[in-house]
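> Quick one: sequence and predicted model below, then my questions.
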Amino acid sequence: MQTVKIKNLIKKFDEITAINDLSLDIEKGKITGLIGADGAGKTTLIRLIIGLLTPNSGEIETLGLKPFSQKHELTLKIGYMPQKFGLYEDLTVIENLRLYADLKNQPYDFDKMLEFTSLAPFQDRLAGALSGGMKQKLGLACALLGNPEFLVLDEPSVGVDPISRKDLMKMVKDMISPKTTVLWSTAYLDEAHSFDTAVVLDKGKVIYNGIPHELAPTPQEFEEKVIDLMGGYKKEESLLAKNYIPLEIFPECTVVADNLEKRYGNFYAVKNNSFCIKKGEIFGLLGPNGAGKSTSFKMMCGLTKPTGGTAKIMGIDILKDPEKARSNLGYMAQKFSLYGSLTLRQNLEFFAAAYGIKFSQRKKRVDDIIEVFNFQDIQNMKAEDLPLGFKQRLSMACALIHNPPILFLDEPTSGVDVVTRREFWNHITSLAKKGVTILVTTHFMDEAEYCDRISLFYHGETIAVGTPAQLKQEAQADNMEDTFITLIKRSEE
Ligand SMILES: Nc1ncnc2c1ncn2[C@@H]1O[C@H](COP(=O)(O)OP(=O)(O)OP(=O)(O)O)[C@@H](O)[C@H]1O
Ligand SMILES: [Mg+2]
């Protein structure tokens, strides 16, 4: 039995062919993983399957219905979580759940949802005040309401911490019946490896469709195989680092957090956070969703005022001279913060001007960065129309446009494909070798290994600091994922 039948599907946007003569069946009662490079067509395919887009030609049938003309009927049978889930930011957590339950005519039975999302203590908090990962989990809980026949999840685990990601998988598996079909797009290949079927897309075509365990027995091997299918990754010299002009004078600590604290009412988002990062160091801030990582970033670049303590950037106090301190850093926010209606190129031009690059040098600098990130063909696309992975790339390019000696990267690789993640880290490690100081956060535990030092953060406080090897030793574990889980659980005891 097939839940979805697709034949010779074509979908074009202007001159871009997003789905190119694609044929695919999705089997009922199975979990099918959808993977592929950024811009390969995953989100477009999902939208076609559930009737949010009409194809240019070809046939598509979902649960025996024509998705576009019978959309209403179809919607009742589907649980859909889009990449950017439409939470009501000015309603609380529990009010969002009630609203979605009402829309689906479901009883108010949220205990299980609140437990898995760890949102029970925060049920009266406004959705707009949740951390990125907490929002993601609430979105998933809303999509799961009502035991849908067909669950369609577009990158549900973006920004979700390693512990919750395991819970999320378990929750989906526990909640579905043997008849439920799940289509789950993901950039986490360990996740895809655990599914019944994996479909790899490339340039709008299916280039692999099969059982992940047959392609490779271990998740690591599976990742390498998928990278090969996607055209491979060859480590090259980072042009970013090559063009970087190092500064000569540096203080002992380029980035200092001095007892930083952020309190909302009587809730501490960050408490007693202190550290010193040296020139050229890659310092990773790791921790579960809501730990206070983004709040720390925002305080350190002067976007949020601390309720206690301060931060120093290249020796300059961020509270006393925010502009001068900020001119030394590039900040890539967790949430997409580009100008959606401007083109890719215009965004770069805007940030070049905002960061004070002289007019005479701007064009060259923008051209250079377009080359480094391979943006030539898409530079005139509107930022809001870019696939998520390209938005991330553009955000990173904007943060780097003025060659800052310090980089703050808040989840730079969330929503980015596996090959691009490696490219990002090649840039990051090469820049660090040239003396750029980097503060970074990630939920990919394999990336944590690239950090020189890690601060493990939980409930607003540092619970461990050290090199990846030291932390592994402390946890008696041989990989970062187990280290993370062990140290977090231990701190709860
Ligand atoms: N305006 C606010 N009012 C109340 N609480 C807030 C506000 N802003 C943030 N918080 C809370 O502060 C805590 C820390 O959030 P933060 O965004 O720093 O977490 P994070 O570690 O970056 O998480 P993630 O991994 O999900 O991105 C969360 O519990 C969040 O809900
Ligand atoms: Mg965050």
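Nice, I can see it. Ligands and ions are numbered 1, 2, ... in the order given.

> When you work out contacts or count neighbours from here on, use the C-alpha atoms and nothing else.
OK.

> Run through the helices of the stretch 101-250 of the chain in chain order.
With DSSP state H, counting those that start in this stretch, the ranges of helices along the stretch 101-250 of the chain come out as 111-117, 132-144, 162-175, 189-193, 212-215, 219-229, 239-243.

> Need the phi and psi values for Gly58.
phi 100, psi 180 (degrees, to the nearest 10).

> who are the neighbours in contact with the residue nearest to it when sequence neighbours are not counted?
In space, and not counting its chain neighbours, Gly58 is closest to Leu9: 4.1 Å by Cα to Cα, 6 or more residues apart in numbering. Neighbouring residues of Leu9 by Cα atoms under 8 Å, 6 or more residues apart in numbering: 19-23, 55-60.

> among the helices of the stretch 101-250 of the chain, which is the most enclosed?
Compared across the helices of the stretch 101-250 of the chain, helix 132-144 shows the largest average neighbour count, a mean of 24 (mean count of other Cα atoms under 10 Å).

> Can you tell me which residues in this structure are near ligand 1?
129-134, 264, 269, 288-295 (Cα under 6 Å from any ligand atom).

> ChimeraX command to pick out the buried ones of those?
To isolate the buried ones among these in ChimeraX, judged by 16 or more other Cα atoms under 10 Å, type:
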select :130,131,132,133,134,269,288,289,290,291,292,293,294,295
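
> Go through the residues of the chain next to ligand 1 and name the one nearest Ser360.
For these, the residue nearest Ser360 by Cα to Cα is Ser294; the value is 34.9 Å.

> what pLDDT does the residue in the chain sticking out farthest from the centre get?
For the chain, the C-alpha farthest from the mean C-alpha position belongs to Ser360; by Cα atoms, centre = their mean, that distance is 35.3 Å. Ser360 is assigned 92 on the pLDDT scale.

> Give me the helices and strands touching the host helix or strand of it, please.
Following DSSP states H and E, one finds Ser360 within helix 359-372. Contacts defined by 3 or more Cα pairs under 8 Å, 6 or more residues apart in numbering; DSSP states H and E place helix 359-372 against helix 239-243, helix 344-354.

> rank those by pLDDT, which is bottom?
Note on the helices and strands packed on helix 359-372: lowest mean pLDDT is at helix 239-243, with a mean of 86.

> Past that helix, which element shows up next along the chain?
Assigned by DSSP H and E, the successor of helix 239-243 is strand 255-264.

> Which neighbours in the sheet does that following strand have, and how are they oriented?
Strand 255-264 has its sheet partners listed here by DSSP bridges as strand 267-277 (antiparallel), strand 308-313 (antiparallel).

> ok, how many other residues are close to Tyr339?
14 (other Cα atoms under 10 Å).

> And the contacts of the helix holding Ser360?
Contacts of helix 359-372 with the rest of the structure, by Cα under 8 Å, 6+ apart, involve 239-240, 345, 348-349, 352-353, 376, 379, 397, 401.

> Counting by contacts, list what the helix or strand following it packs against.
Going down the chain from helix 359-372, the next helix or strand is helix 388-400, by DSSP H and E. Counting contacts by 3+ Cα pairs under 8 Å, 6+ apart, helix 388-400 packs against strand 329-332, helix 344-354, strand 406-410.

> re earlier: so in that sheet, which strands flank whichever helix or strand the residue nearest to Gly58 is part of, and in what orientation?
Assigned by DSSP H and E, Leu9 belongs to strand 2-13. Applying DSSP bridges, strand 2-13 is found paired with strand 16-27 (antiparallel), strand 57-62 (antiparallel).

> Need the strands paired with strand 255-264 in CSV (columns: mean pLDDT).
Shown next, in CSV, are the strands paired with strand 255-264 (pLDDT from 0 to 100):
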stretch, mean pLDDT
strand 267-277, 95
strand 308-313, 96
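
> Out of those, which one sits most buried?
Most buried among those, given mean count of other Cα under 10 Å as the contact rule, is strand 308-313, at a mean of 22.

> which residues are contacting that one?
Contacts of strand 308-313 (Cα under 8 Å, 6+ apart): 254-262, 299-300, 317-319, 325-326, 328-329.

> Please give the centre-to-centre distance between that strand and its chain.
Centre-to-centre, strand 308-313 and its host chain are 27 Å apart (Cα atoms, centre = their mean, to the nearest Å).

> Starting from it, tell me the next helix or strand along the chain.
Tracing the chain past strand 308-313, the next element assigned as helix or strand by DSSP H and E is strand 316-317.

> which of the contacts of Leu9 are buried?
When those are checked for burial by 16+ other Cα under 10 Å, the buried set is 19-23, 55, 60.

> now, which of those sits nearest Leu87?
Using Cα to Cα, Pro55 comes nearest to Leu87 of the buried ones among the contacts of Leu9, at 28.0 Å.

> residues touching the closest one, list them.
For Pro55, the contacting residues are 9-12, 48, by Cα under 8 Å, 6+ apart.

> which secondary structure element contains the residue nearest in space to the middle of the chain?
Taking Cα atoms, centre = their mean, the centroid of the chain lies closest to Ser414, which sits 2.0 Å from it. Following DSSP H and E, one finds Ser414 outside all helices and strands.

> So that it lines up with my notes, have the first residue be 3 from now on.
OK, 3 is where the count begins now, so the last one is Ser416.

> right, and it touches Gly161 too?
Yes - assessed by Cα atoms under 8 Å, Ser416 is found in contact with Gly161 at 5.8 Å.

> got any residues that touch both of these two?
Joint contacts of Ser416 and Gly161 (Cα under 8 Å, 6+ apart) are 444-445.

> quick revisit: which pair in the contacts of helix 361-374 spans the largest distance?
Counting by Cα to Cα, the most remote pair of the contacts of helix 361-374 is Leu241 and Ala355, 21.9 Å apart.

> Once you drop chain neighbours, what's closest to Asp126?
Distances taken as Cα to Cα, 6+ apart place Thr94 nearest to Asp126, at 5.3 Å, with adjacent residues excluded.

> brain fart, Arg423
Excluding the flanking residues, the one nearest Arg423 by Cα to Cα, 6+ apart is Thr415, at 5.9 Å.

> Sounds good, over and out.
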